[in-house]
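Q: Okay, predicted coordinates and the sequence, questions at the end:
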Amino acid sequence: MQFTWTKDEEAFRERLKAFLADTLPEDWERFSQHGPASPSLTRYAESFCAALAREDLLTPHWDKDIGGQGLGPWFQTILAEEMWIAGEPRGGQYMNVNWIGPTLITYGTEQQQQRYLPPISEGKALWCQGFSEPGSGSDLASLRTRAELDGNEYVVNGQKIWTSYAGLADTCFLLCRTSDDRKRGITILLVPMDTPGITVRQIPSLIGEGDIHEVFFDDMRVPATARLGEEGQAWEIIAYSLRNERLGIPRYSLARAALDRAVSILQHRGDFTREAVRIEAAEAAALTEAARMASYAIVTRRAEGQVIGQESSSARFATVMCERRVAEFIVEHLPEALADDHPYLKMHHQRGIVAGIAAGAAEIQLNIIASDVLELPREPR
Ligand SMILES: Cc1cc2nc3c(=O)[nH]c(=O)nc-3n(C[C@H](O)[C@H](O)[C@H](O)COP(=O)(O)OP(=O)(O)OC[C@H]3O[C@@H](n4cnc5c(N)ncnc54)[C@H](O)[C@@H]3O)c2cc1C
């Protein structure tokens, strides 16, 4: 199998590289260790994304009439790869352009699109994703945060957990229970984070400051027009959103760049001669390529206009495997990287350690592949 890029795609990648070289501060690699959701990185991401937007590089894959350039999914992939190699300077805004914007485009009312899409395509919005709850992570359909209609308002009570960016976000993409039906009883509300009745509490994290939070809702009221789609439509909508989310995070590109950096450090100091080390590096490199190919297979489907199914879980699982292997290689052969000697490698480690859990646990992807892709029989209960 041989991939070639078109001249336009190659030129686009070069343009991005030049933009990153011109725009990122000199101490970016060290600075980025504050953590992907830290206040300092989030503030930086705001100016970085606004600069991307001014160059038409923030949402090039969106249609022209909603602030994009109408470029295809391969351009989105190239954009995401280059951003990840650089350590994802878009911060939390990667979610907006990958899946929140496209979800609003597909399911939002005209009023919701007019309100939320321009700030996203201008690089001014920060969203958080209120899905997981204590006891409802992998088993998301068991969530209990309740929204009850009172006149033309929803009254929300409950708790979310592990919510990234909640401390600084302007809007929450919130999943609530509106009836007892496990999946068809869940509804999406688009909630401004300054609504009275919301309390955000930070959870200390290894990944850096401000990364994850608990979010409490006490008689919080939002107008019924804050609902995305119909009551009970959340499961269908988030299946669409999560497939976009999984595809839009090409972490394999950062893993590969970190591996190449680690190998070059080892070569430079004469430590890359042992065959066992070289084999380990080759295996890790092969995993990064496997993840890239699994992702490209799905981008190909999307570029051909086919609906992406649960096979995006294969790409995500392959990506988790390569990230873990590269992180293990670095910890084993360059342990000093974790003590600030090599900020780029430490940044990969910070992002890699949560890879198999954030955005859905790796084991759950295997369950999805077994049941929905391979159609393996389930064990009788
Ligand atoms: C850094 C980080 C950021 C996050 N950001 C967000 C966010 O912004 N918004 C949000 O809503 N959530 C967020 N999450 C939460 C994340 O989606 C959940 O942690 C994840 O879905 C797992 O749920 P859980 O923590 O409840 O673990 P559990 O579901 O309890 O799983 C614990 C372990 O059991 C395994 N397991 C559970 N069920 C099965 C099964 N059926 N078969 C096989 N194995 C199983 C899992 O694979 C996992 O290894 C974030 C998590 C992290 C680590």
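A: Structure's in. What do you need?
Q: Tell me the helix or strand right after the strand ranked longest in the chain.
A: Longest strand in the chain by number of residues (criterion: DSSP state E): strand 212-223. Scanning forward in sequence from strand 212-223 by DSSP states H and E, the next helix or strand is strand 227-228.
Q: Name the residues that touch that next one?
A: Under the contact criterion Cβ atoms under 8 Å, 6 or more residues apart in numbering, strand 227-228 has outside partners Thr103, Leu104, Tyr107, Gly108, Gln112, Tyr154, Phe173, Thr187, Ile188, Leu189, Leu190, Ile237. Heads up, the C-betas are built off the backbone N, CA and C, glycines and all.
Q: The closest residue to the ligand within the stretch 201-350 of the chain: how many residues sit nearby?
A: Here the stretch 201-350 of the chain gets closest to the ligand at one residue, Ile212, 5.2 Å apart by Cβ to the nearest ligand atom. For Ile212, the neighbour count with other Cβ atoms under 10 Å is 20.
Q: what does the stretch 101-250 of the chain put close to the ligand?
A: Cys128, Gln129, Gly130, Phe131, Ser132, Gly137, Ser138, Trp162, Thr163, Ser164, Ile207, Ile212 (Cβ under 6 Å from any ligand atom).
Q: now do 5 Å
A: For the stretch 101-250 of the chain, the residues in contact with the ligand (Cβ under 5 Å from any ligand atom) are Gln129, Phe131, Ser132, Gly137, Ser138, Trp162, Thr163, Ser164.
Q: Over to the fourth one: give its phi and psi.
A: In terms of degrees, to the nearest 10, the main-chain angles of Gly137 are phi -110, psi -80.
Q: what does the first one give?
A: Main-chain dihedrals, Gln129, degrees, to the nearest 10: phi -120, psi 100.
Q: which residues touch the closest residue to it other than its chain neighbours?
A: Spatial nearest neighbour of Gln129, excluding adjacent residues (Cβ to Cβ, 6 or more residues apart in numbering): Phe173 at 5.3 Å. Neighbouring residues of Phe173 by Cβ under 8 Å, 6+ apart: Ile100, Thr103, Trp127, Cys128, Gln129, Gly130, Ile188, Leu190, Leu228.
Q: How many residues are close by the first one?
A: Residue crowding around Ile100 was assessed by other Cβ under 10 Å; the count is 26.
Q: The closest residue to it other than its chain neighbours and Tyr107, how far apart?
A: Of all residues beyond its chain neighbours, the one nearest Ile100 is Trp127 (5.2 Å), with distances taken as Cβ to Cβ, 6+ apart. Per Cβ to Cβ, to the nearest Å, Trp127 is found 15 Å from Tyr107.
Q: Of those two, which one has the most company?
A: Using other Cβ under 10 Å as the criterion, Trp127 and Tyr107 rank with Trp127 on top: 25 against 18.
Q: how about that one, what does it touch?
A: Counting by Cβ under 8 Å, 6+ apart, Trp127 touches Gly92, Met95, Asn96, Ile100, Tyr165, Ala169, Asp170, Thr171, Cys172, Phe173.
Q: Also Tyr44?
A: Phe31, Pro89, Gly91.
Q: Report how many residues lie close to the residue of the stretch 1-150 of the chain found nearest the ligand.
A: Using Cβ to the nearest ligand atom, the closest approach of the stretch 1-150 of the chain to the ligand is made by Gly137 at 1.9 Å. Neighbours of Gly137 under the rule other Cβ under 10 Å: 17.
Q: can you check Val215 too?
A: For Val215, using other Cβ under 10 Å, the count is 25.
Q: Nearest spatial neighbour of it, chain-adjacent residues omitted?
A: Once flanking residues are discounted, Val215 sits nearest to Lys160: 4.3 Å by Cβ to Cβ, 6+ apart.
Q: Kindly indicate whether the one you found is helix, strand or coil.
A: Assigned state for Lys160: strand (three-state reduction, DSSP: H, G, I helix; E, B strand; the rest coil).
Q: circling back to that earlier point, pipe the contacts of Trp127 into TSV and attach distance to Asn367, pLDDT and secondary structure per row.
A: Compiled in TSV, the contacts of Trp127 are given as follows (distance: Cβ to Cβ, whole Å; pLDDT from 0 to 100; DSSP: H, G, I helix; E, B strand; the rest coil):
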residue	distance to Asn367	pLDDT	secondary structure
Gly92	28	93	coil
Met95	24	92	helix
Asn96	29	93	helix
Ile100	26	95	helix
Tyr165	27	93	coil
Ala169	30	96	coil
Asp170	34	96	coil
Thr171	31	98	strand
Cys172	27	98	strand
Phe173	24	98	strand
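Q: Return the members of those residues classed as buried.
A: Neighbour counting with 16 or more other Cβ atoms under 10 Å marks Gly92, Met95, Asn96, Ile100, Tyr165, Ala169, Thr171, Cys172, Phe173 as buried within these.
Q: okay if I get those residues as CSV plus distance to Thr77?
A: CSV is the format used below for those (distance: Cβ to Cβ, whole Å):
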residue, distance to Thr77
Gly92, 20
Met95, 17
Asn96, 17
Ile100, 18
Tyr165, 23
Ala169, 26
Thr171, 26
Cys172, 28
Phe173, 23
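Q: Do a quick rundown of the strands in the stretch 1-150 of the chain.
A: With DSSP state E, counting those that start in this stretch as the criterion, the stretch 1-150 of the chain has strands at 127-130, 146-150.
Q: out of the ones you listed, deepest packed?
A: Among the strands of the stretch 1-150 of the chain, ranked by average contacts under mean count of other Cβ atoms under 10 Å, first place goes to strand 127-130 (a mean of 26).
Q: Work out the sheet partners of it and label each with its direction, please.
A: Strands that pair with strand 127-130, judged by DSSP bridges, come out as strand 171-177 (parallel).
Q: Next, the angle from the strand it pairs with to strand 146-150.
A: 90 degrees (axes from the mean of the first three to the mean of the last three Cα atoms, to 10 degrees).
Q: CA atoms of strand 171-177 as PDB?
A: The C-alpha trace of strand 171-177 is given here as PDB (Å, rounded to 0.1, in the frame of the first residue of the first chain):
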ATOM      1  CA  THR A 171     -20.400  26.500  27.500                       C
ATOM      2  CA  CYS A 172     -21.000  22.900  28.500                       C
ATOM      3  CA  PHE A 173     -22.200  20.200  26.200                       C
ATOM      4  CA  LEU A 174     -24.300  18.500  28.900                       C
ATOM      5  CA  LEU A 175     -25.900  15.100  29.000                       C
ATOM      6  CA  CYS A 176     -28.900  14.800  31.300                       C
ATOM      7  CA  ARG A 177     -31.600  12.200  32.000                       C
END
